[in-house]
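>>> how would this look folded up:
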Amino acid sequence: MIGSLFHTVYISDLSTILIAMPIIMIAWSVFGALVYQRMRIISSVLAICFIAVILYMTIFSRTSGTRACDWIPFSSFQKAQVQPEFYRSMLMNVFLFFPLGLVLPFVFKGSTVKRILLAILIGFALSALIEAFQFFFSLGQSEADDVICNTVGTAFGSCAYLLSLLWQKLRKGLKFGE
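Model prediction:
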């Protein structure tokens with residue numbers, strides 16, 4: 001089921017994914033502002049689910065093959081000039097970690113900066129760990145660009161936390177202004 005859902009997303013038009021991400025971010029941030037007191041629990045459960053999906057998609061659903069790596073940062077952009085399918089691959093790597101970025105800042109305590117930096121650091125570490133597993137167990141090509149795109153996805157998703165704080169302030173401002 002998870003594999004077929006990811007396949008459906010993967011074959012979607014790139015513009016659909018690019019439009020869906022900000023819409024999901026805005027919807028999540030509004031939801032977060034409305035139920036902020038419960039978001040830590042909700043986000044903790046979802047973070048575990050998203051990590052499980054990420055691990056399934058990147059490690060557990062794959063069979064051992066040949067060992068390959070490309071640790072030259074941003075080399076996918078060069079490859080995409082010849083083979084545009086690499087753009088899809090990069091966007092899907094961003095999209096894969098985007099939900100993790102949505103939920104992680106709500107899980108942690110501390111300042112806004114600390115929450116977002118922890119989320120991005122965890123996204124980076126999880127991605128690097130996955131790429132290491134893929135390399136050592138010959139589960140696909142291990143790439144620096146995957147780590148970069150996954151980290152960007154986590155960072156982009158983390159912006160929902162900032163929006164949620166903004167919605168909270170606007171909501172409180174509207175109550176006082178009535």
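
>>> for this structure, which helix or strand comes out least confident on mean pLDDT?
When the helices and strands of the chain are scored by mean pLDDT, DSSP states H and E, helix 2-10 comes last with a mean of 72.

>>> quick one: pLDDT of the residue lying closest to Met39 once chain neighbours are set aside?
What sits nearest to Met39 in space, not counting adjacent residues and going by CB to CB, 6 or more residues apart in numbering, is Phe106, at 4.3 Å. C-beta coordinates here come from the backbone N, C-alpha and C atoms, glycine included. The model reports Phe106 with a pLDDT of 98.

>>> give me the neighbour count for Phe106.
A count of nearby residues for Phe106, using other CB atoms under 10 Å, gives 24.

>>> which helices and strands sit right next to the host helix or strand of it?
Using DSSP states H and E, Phe106 sits in helix 85-107. Counting contacts by 3 or more CB pairs under 8 Å, 6 or more residues apart in numbering; DSSP states H and E, helix 85-107 is packed against helix 2-10, helix 14-34, helix 39-55, helix 75-82, helix 112-136, helix 144-177.

>>> next one: it to chain centre, how far?
Centre-to-centre, helix 85-107 and its host chain are 3 Å apart (CA atoms, centre = their mean, to the nearest Å).

>>> relative to Ser64, which of the helices and strands packed on helix 85-107 is closest?
helix 112-136 (10.2 Å; CB to CB).

>>> mind listing what's buried in the closest one?
Across helix 112-136, burial judged by 16 or more other CB atoms under 10 Å covers 115-120, 122-124, 126-128, 130-131, 133-135.
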